[in-house]
Every structure is written in structure tokens, then in C-alpha cells.
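> I need the structure of the sequence given here:
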Amino acid sequence: MLGAYFQAEKQILKKEIIKNFLLIFLSNGTIKIKKTNMTELKEPRLAIPIVLVAGLFWSFGPYVVRHIDEAQTVPWQYLFTRGIIIFILLNVYLYFEEGFEFINNYKKIGVSGIIGGIGLGSAMMTFIWSITNTSAAVTLLCLAAMPFVTALLGFLFLKEKISTSVWITIAIATVGIIIMALENNIKSSLLGLMFGLLSSIGFAVFSVSLRWRKETPKFTTVAIAGIFCAITSGIIISINDLNFLSTGKNEALFATHGTIVCIGLILYSIGSKHIPAAELTLLSLTEVVGGVFWVWIPWLGINEVPSTNTIIGGFFIFISIFYYSLIIQNNKRFIGLN
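Okay, here's the model as predicted:
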């Protein structure tokens, strides 16, 4: 009896240690857990720093990719490992949040969740093809234009109205993208720009699908995107008789990228509940600025300097995002993964 008691206590203690370690790692004790609700902040004033940290985590993505050996030759292995990591980590997180009840989220996913998962999975795929064919700055600036692509898709498929002010921001962002495209006349670089835009469209599809059916479980949809990447890449690898795994170094980098995506997503979802959409749009620029900075700063070993056209085009996109944030602020809209 005592042996069984201590064994049970050991299992409970082990689970609590893992749970507390994850919470300390993610938030340094600033978060509390509710059994059936998503993680909430004790101090809402910490929301902005937490979202900034989320953007900081995401900003290391291009830097990690730049350290992959022969990245252009292992995109499917990258997607396979990264997809599995995202799927596992998000389900572990949901387990600690909701217990085994998180499995019911997959029953609620619906058509919107499947479309959103495929859209996000496609965005993950085109991201790696973009950043391996052009500069990190071009890829990230294409992704920064995602709010405008979302507005267009909402207009086309959800019949959402677009104000004259938003059309102006879309026009300004389009000018910026065209300026970047004018310099990307090399076939591979232009291909990278096109994949960057496709990645932005994929993220927009994910966003619009969740607005289409608001009860769609968001984290579960992201987990589906991860497994979609893993299954699709696994099929491609099998058909082409490729190795499922790359070198040990590359696999570690693949897993690292998947992990920072998940940590950033969790932190973003926690902080975004307490931040107006206008501020959230501006805070999202942390990923763009940080991503360009990490691959540019020489002592980090990459020294990838943005071109003149990229800087000018990026300026137009930044102006459009700033203007867009002012529009949202006037509308007093809030967004978040909750």
C-alpha cells in the first residue's frame, strides 16, 4: 500500500515539476493556470513586455534558418521535423491547460479549422522557400503586409467592408512591395519574394478562417498546421526516396525553430488579450526589426545587409502599418488568440 502511495505521489510530483518548470520558463511566475481556461496574466500591465518577448522569439527564426547547412536542399526535412515539434509542443501545452479534455478540441475543429490549418501549414512551407531564395528582410517585410492581405480576403470571402483609409494603407504597402520587387530581378531572388507573398497569403487564410467561425479552437488549428506540414513533407520525402532526417546539426536547428515558434505563439496569445489591436499591430514589428537585425549584425556571423530597395520598400510598409494601427485605434478594436 505504501509503495503504491509513494509511486502515485511520485507521478503527481513529477507532473507538477514539469508543469511548474514550463510556467517559470515562459513567464517567470507571472502567469496562473485555470483548469478549463486558457492561461491568464495576474498583471495585465505585463502584457506589452510579454508580446514584445513573443516577437523577439519569432525574430530569431531567420537567424536559425541561416545556420542550416545547405538549407535549399533540405526544405522537406526541415518541414517534417518542425511540423512534428509544433504539433507535439502545442498538444503538451493544451494538456497542461485543459487536461485530456483538449482532445475534444479536435472534434470541434470543423471546416474552418481544416482550412485554417492548411493555410497556416502552406505559409510555413512557403516561408522556408522564400527565405532560402532571397534576403531575410524581403521575406519578413512580405509577412509584415499580412494584415492588408487579411483585409482583402475578408472583403472577398466574408463580405467585410474595407474603409477608404484601409484601401490607402493597402496601396502604400503595395508600393513598398513593388519597390522591393524591382530590385529582385534575379530569378531566384524574385522567386523568394513571390514565396514570401504566398506565405503572407497563407497566414491571412488562417486569420480569416478563424474569423469565419469564431468558436474554432485556435491552438488546435495551429497544431493541425504542424501535422499537415509533417504529413505533406513525409509524403514528398517518401515519393522522392529521400532521407527523413538531415544531419544532427540541421535537425537540432529544425527543432529549435519549431520550439521558438510555439513559445512565441503561447506568449503572444497570453499578452494579446490585454492589448488594443493598434498597439498589437505595431508590437508585431518586433519580429521584422529583430529578424533583420540578427542576420545583419556582423559579430553574429551572418552579415546580411539589406539592399537600398529593400530599405525603401520596407519604409513604405512600415508607414502603412503605422497608419493602419491608427485606423484600428480609432475603431477601438481588440484582437487576440483567446
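> in stretch 297-313, which residues are buried?
302, 304, 306, 309, 310, 312, 313 (16 or more other CB atoms under 10 Å). The C-beta positions use only the backbone N, C-alpha and C, and glycine is treated the same way.
> from residue 271, how far out is the most centrally placed residue in the chain?
For the chain, the residue nearest the mean C-alpha position is residue 261 (5.8 Å; CA atoms, centre = their mean). Residue 261 sits 16 Å away from residue 271, going by CB to CB, to the nearest Å.
> coming back round to it: helices - which of the buried residues of stretch 297-313 land there?
309, 310, 312, 313 (DSSP state H).
> what's the closest of those residues to residue 204?
Nearest to residue 204 out of these is residue 313 (CB to CB; 19.3 Å).
> okay, the residue nearest to residue 77 when sequence neighbours are not counted: pLDDT?
Nearest residue to residue 77 in three dimensions, chain neighbours excluded: residue 246, at 4.4 Å (CB to CB, 6 or more residues apart in numbering). Looking at residue 246, its pLDDT stands at 94.
> and what of residue 14?
pLDDT, residue 14: 44.
> low-confidence bits of this protein, can you list those?
Residues of the chain meeting the criterion pLDDT under 70: 1-41, 184-188, 276-282, 329-338.
> tell me, how many residues neighbour the residue nearest to residue 77?
A total of 23 residues lie near residue 246 under the criterion other CB atoms under 10 Å.
> got it, and residue 144?
By the other CB under 10 Å criterion, the neighbourhood of residue 144 contains 25 residues.
> same question, residue 270
Using other CB under 10 Å, residue 270 has 25 neighbouring residues.
> my guess is it contacts residue 53, does it?
No - using CB atoms under 8 Å, residue 270 is not in contact with residue 53; the gap is 10.2 Å.
> quick one: residues contacting residue 309.
179, 180, 182, 183, 184 (CB atoms under 8 Å, 6 or more residues apart in numbering).
> nearest to residue 44, of those residues?
Of all the contacts of residue 309, residue 180 has the smallest distance to residue 44: 37.7 Å, by CB to CB.
> from residue 309, how far out is the closest one?
With distances taken as CB to CB, residue 180 is found 6 Å from residue 309.
> ditto for residue 238
Distance, residue 238 to residue 309, by CB to CB: 41 Å.
> ok so residue 244 is a helix residue?
No - Residue 244 sits outside any helix when classified using DSSP: H, G, I helix; E, B strand; the rest coil, being coil.
> angles on the backbone of the residue nearest to the centre of the chain, please.
Residue 261 adopts backbone torsions of phi -60, psi -50, taken as degrees, to the nearest 10.
> quick one on the thing from earlier: columns secondary structure on top of the contacts of residue 309, output as TSV?
Output for those, formatted as TSV (three-state DSSP):
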residue	secondary structure
179	helix
180	helix
182	helix
183	helix
184	coil
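> what's around residue 140, how many residues?
Residues within reach of residue 140, counting by other CB under 10 Å, total 28.
> what ranges do the helices span in the stretch 201-338 of the chain?
In the stretch 201-338 of the chain, the helices defined using DSSP state H, counting those that start in this stretch lie at 218-239, 248-272, 277-283, 285-296, 308-331.
> for these, give me CSV that also has distance to residue 67.
Output for these, formatted as CSV (distance: least, CB to CB, whole Å):
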stretch, distance to residue 67
helix 218-239, 20
helix 248-272, 6
helix 277-283, 26
helix 285-296, 10
helix 308-331, 21
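> for residue 207, which of these is the nearest?
Nearest of those (CB to CB): helix 218-239, 10.1 Å.
> for the closest one, which helices and strands make contact with it?
Helices and strands touching helix 218-239, by 3 or more CB pairs under 8 Å, 6 or more residues apart in numbering; DSSP states H and E, are helix 75-98, helix 104-107, helix 110-131, helix 187-212, helix 248-272.
> identify each buried residue in it, please.
Buried residues in helix 218-239, counted by 16+ other CB under 10 Å: 218-230, 232-234, 237.
> contacts only, for residue 192.
Residue 192 sits next to 129, 130, 131, 132, 133, 134, 135, 138, 139, 184 when contact means CB under 8 Å, 6+ apart.
> how much space between the nearest residue to it once chain neighbours are set aside and residue 177?
Leaving out its chain neighbours, the residue that sits closest to residue 192 by CB to CB, 6+ apart is residue 134, at 2.7 Å. According to CB to CB, residue 134 and residue 177 sit 12 Å apart.
> what's the answer for residue 141, then?
With distances taken as CB to CB, residue 141 is found 8 Å from residue 177.
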